[in-house]
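K.L.:
only geometry, no sequence info:
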Ligand SMILES: Cc1ncc(C[n+]2csc(CCOP(=O)(O)OP(=O)(O)O)c2C)c(N)n1
């Protein structure tokens, strides 16, 4: 039997240990991003790494998202394994041309000759009252792009492991990290490390309904499932994890078991991942359904600053509970 | 101090001191209210840099367009916006200048201030467009945009400079060089640290000025604005200044020595102007005390206004997405 000792760790520390392990394990790896060094990381994820690894491997870069992301792509083309940190997804639009038109296309345009093994990490999420320009959920924008692998770090286990697996990928990987979870603590296996990055994962088993979600929705849905269990409803929680290419096998199997699906995401409702998941269920598991697929998504408004309006803009645990109850007892 | 102070009269002197004091005390109060969690999200203080906004605004008219960053409380106040509406905005109340929707980083008011823009350098090309519109409409106003030296590393800065010069659009680019972009110092973000030299590449006239000296800034801005109004061409003004406080309320300031901050505090623009004016016998100790009192009352009034403000009902969440 494997050793099942666990350790308590914050999401931030899990991310940091992954970066550290990557730097120690492969000398081609380096971290580049705004304020990753002397400032200690905008969210203190890379705090102390400059002192440990020096400025060649922990590179502070100027405000120039397009420039340094392009440079990261270039370095990856030429044999390095850069980890590009775009401080938050909000600023990633300035880098998006590089990501979409270069990183995601070079393999194809070169007829398979060029690989772009770059890893691009970005903070994201809603819930810190940062207002419209700093509260974006753009996972769906990136999940739209063929050529990219898009990961969403919804748990501590994935915070500890996803980066390491991403660095083994020959293709560009975009990783979304949820900044409001940074201080959250959780137990992970003491020997936690690289994780599978091809499959979704059932985080809680249940027989009555599948709650399919990712990112910030994972813990919220798990809490909702606990609350629902008290009223006798056994919800299964599926964490998509890999937003592109989407692992439909896992969520279709779940729906085949529960016959009901609620898709939860913080991103805006129209043209989002929930729409995609819902469409695939309708296409491939329609006759399994006992009720129409439902979506619980972000309200379609730029995120407002005041707390009560911000909270009302994205699904909360209580909203998930209510939505499930409505679907089960109409 | 520059040559300008010779012409400084008492009324103007008191006004400059008053504006800088108002910004300083208003922001000290904001920091206090942040600690009390009445203000949330990001709060970027301008403390130490007041001379820049106050000096530059002297040279502008009400018709000029002003665009600032997320560090814009000072600009809003110097532009004559109501302190109560600003404080209420930072509380998130619907009586705020942006109805509470924007918070500290997104102060807006009609024609006085076009934000409060929190994507670094994102507003520079908007300023160019506004100036272009003025030109097309044969108006005589200009667009003035404030930004940090960090922003001057963005492609958007270079694109905006090029467009403004190419189109001969009346833009006053004001770089508030406080030597740090968050925690990354100027020498780690710019290959050419004399930022004013960047203008030459675009054929844009430039000037660098001591941004801790409100009279010098005022004089430089006046000259720059006169040039823009007569030639119709853009101008790049670099104000060298310093932020005394952290980048935002989340910053542990690991990247700079306390001694460096203390050294810069000796050049604090407020005592500097006050002492100079007292030395010149333009103002008295009593004037200063009265100003302090007036400012204190105004800041308190702003807080009271914000406290008394109301929350927008949740039913209105989806308002202002499209025009009604
Ligand atoms: C495009 C973009 N990238 C990154 C950020 C995060 N950020 C906010 S302020 C800032 C530093 C900006 O420095 P500077 O332009 O010098 O202005 P200062 O804050 O010093 O006034 C950074 C990196 C952002 N808001 N926008």
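P.N.:
Arrived safely. This structure is a prediction, so every number in the text was calculated from the model and none was measured. Residues are numbered from 1 along each chain as shown, chains lettered A, B, ... in the order given.
K.L.:
and residue 134, what does it touch?
P.N.:
Let's take chain A. With contact set as CB atoms under 8 Å, 6 or more residues apart in numbering or on different chains, residue A:134 has these partners: A:88, A:90, B:41-42, B:105, B:118. Glycine gets a C-beta too; all of them are placed from N, C-alpha and C.
K.L.:
wait, chain B
P.N.:
Residue B:134 neighbours (CB under 8 Å, 6+ apart): B:65, B:140-143, B:169-170.
K.L.:
residues of the strand or helix carrying it that come out buried?
P.N.:
Assessed by DSSP states H and E, residue B:134 sits inside helix B:124-136. Using 16 or more other CB atoms under 10 Å in any protein chain shown as the test for burial, helix B:124-136 gives B:124-132, B:134-135.
K.L.:
and if you look at stretch A:243-254?
P.N.:
For stretch A:243-254, by 16+ other CB under 10 Å, it's A:243-244, A:246-248, A:250-254.
K.L.:
equivalent analysis for stretch B:196-212, please.
P.N.:
B:196, B:198-199, B:202, B:204-212.
K.L.:
how near is residue B:247 to residue B:118?
P.N.:
To residue B:118, residue B:247 is 13 Å away according to CB to CB, to the nearest Å.
K.L.:
ramachandran coordinates for residue A:159?
P.N.:
phi -60, psi -40 (degrees, to the nearest 10).
K.L.:
tell me the pLDDT of it.
P.N.:
The model reports residue A:159 with a pLDDT of 98.
K.L.:
wait, it sits on residue A:153?
P.N.:
Yes: shown here, residue A:159 and residue A:153 form a contact pair, counting by CB atoms under 8 Å, at 5.2 Å.
K.L.:
hang on, the earlier thing: let me know the closest of the contacts of residue B:134 to residue B:297.
P.N.:
Residue B:297 has its nearest neighbour among these in residue B:65, at 31.6 Å by CB to CB.
K.L.:
what pairs with the closest one across the strands?
P.N.:
For residue B:65, the beta-bridge partners are residue B:143 (DSSP bridges).
K.L.:
per-residue confidence at it?
P.N.:
98.
K.L.:
what does the stretch 201-324 of chain B put close to the ligand?
P.N.:
Contacts of the stretch 201-324 of chain B with the ligand, taken as CB under 6 Å from any ligand atom, map to residue B:247.
K.L.:
where along the stretch 201-324 of chain B do the strands fall?
P.N.:
B:205-210, B:235-240 (DSSP state E, counting those that start in this stretch).
K.L.:
tell me which of those lies nearest to chain A.
P.N.:
strand B:235-240 (16.6 Å; CB to the nearest CB).
K.L.:
by contact count, what packs against that closest one?
P.N.:
Secondary-structure packing of strand B:235-240 (3 or more CB pairs under 8 Å, 6 or more residues apart in numbering or on different chains; DSSP states H and E): helix B:50-58, strand B:171-177, strand B:205-210, helix B:214-231.
K.L.:
one more time with 10 Å
P.N.:
helix B:50-58, strand B:143-148, helix B:155-166, strand B:171-177, strand B:205-210, helix B:214-231 (3 or more CB pairs under 10 Å, 6 or more residues apart in numbering or on different chains; DSSP states H and E).
K.L.:
could you dump the ones you listed into a markdown table with mean pLDDT added?
P.N.:
Below are the helices and strands packed on strand B:235-240 laid out as a markdown table (pLDDT from 0 to 100):
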| stretch | mean pLDDT |
| --- | --- |
| helix B:50-58 | 98 |
| strand B:143-148 | 98 |
| helix B:155-166 | 98 |
| strand B:171-177 | 98 |
| strand B:205-210 | 98 |
| helix B:214-231 | 98 |
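K.L.:
nothing else from me, thank you.
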